[in-house]
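Enquirer: Any chance you could fold what I've pasted below:
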Amino acid sequence: MKETICTIPINDIFNEVGGCPICRMRDLIEKQYVEYITGAAMMAPNIRVITNEKGFCHHHYEMMLSSGPKLSNALLMQTRLQFIQDKMMPKGSAKPSKAQLDNIKNARSSCYVCDRIEFDINHLLRTFFVQFAEDPNFRELLKKQEYICLNHYELLHRGAVAKGGIKSKDMKAFCEITNALCRNYLDTLYGDVTHFTTMFDYRNAGGDWKNSKDSVERSVKFLTSKDVEEIK
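Expert: Next up, the predicted model:
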């Protein structure tokens, strides 16, 4: 299959091996948007209107604070706070309306970066499904991946049966590959965690920990698609 502007990003991701490829896809998109929102987007009024309304989740605020200029973060925060003042928070002792409370509830769970990640991943997965159907070399790249995490296994299979997903003639091969990537790693993790627990038995003192010392951390990443240090 000839490379196009749509397939190049997918091929770049799947030419690497290590961890879950969809996690790598998410991390790349996430990094790009965090840098964009505290950089070029600062002077884009149409983006600022959206970020004022949506705000950011705790995780992405922390990423912005750690990587973006402090002034950029302050300006983003200033107009976000002003939006909340104007749209959600009553002045004085006035009783908040149901609409205001609903807006506050929505504001606590909305995030511009999360929404963009979801949109872009869904868009890239449509290209992923096309490549799986038309490019035998891409299937081989997929087979060579270390694993697919549980969250992204679900995402892939929901997308596979949706419009624009995997065609019926390719579904058997798709399931064989993705099931193996998820289940084999799950079995490996179970064995590693089990071995880790047995090493606390006094009878195994001085024994070989094998590949178990970081098994709990690797299991968290598999189950949540996040590194332990990212979880707050």
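
Enquirer: Let me see the ranges of the helices in this protein.
Expert: 7-14, 21-37, 45-54, 58-67, 70-87, 98-109, 112-134, 136-143, 150-160, 168-198, 215-224 (DSSP state H).

Enquirer: chain center to the fifth one, what's the gap?
Expert: How far helix 70-87 lies from its chain's middle: 26 Å, per C-alpha atoms, centre = their mean, to the nearest Å.

Enquirer: The second one too?
Expert: In this view, helix 21-37 has its centroid 8 Å away from the chain centroid, taken as C-alpha atoms, centre = their mean.

Enquirer: just the first one next, same as before
Expert: Between the mean C-alpha location of helix 7-14 and the chain-wide mean there is a distance of 17 Å, by C-alpha atoms, centre = their mean.

Enquirer: can I have that helix written out in PDB, keeping just the CAs?
Expert: C-alpha atoms of helix 7-14 as PDB (Å, rounded to 0.1, in the frame of the first residue of the first chain):
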ATOM      1  CA  THR A   7      -0.900   6.600   6.500                       C
ATOM      2  CA  ILE A   8       2.500   8.100   7.300                       C
ATOM      3  CA  PRO A   9       1.600   8.900  11.000                       C
ATOM      4  CA  ILE A  10       0.100   5.400  11.500                       C
ATOM      5  CA  ASN A  11       3.200   3.800  10.000                       C
ATOM      6  CA  ASP A  12       5.500   5.900  12.100                       C
ATOM      7  CA  ILE A  13       3.800   4.700  15.200                       C
ATOM      8  CA  PHE A  14       3.600   1.000  14.300                       C
END
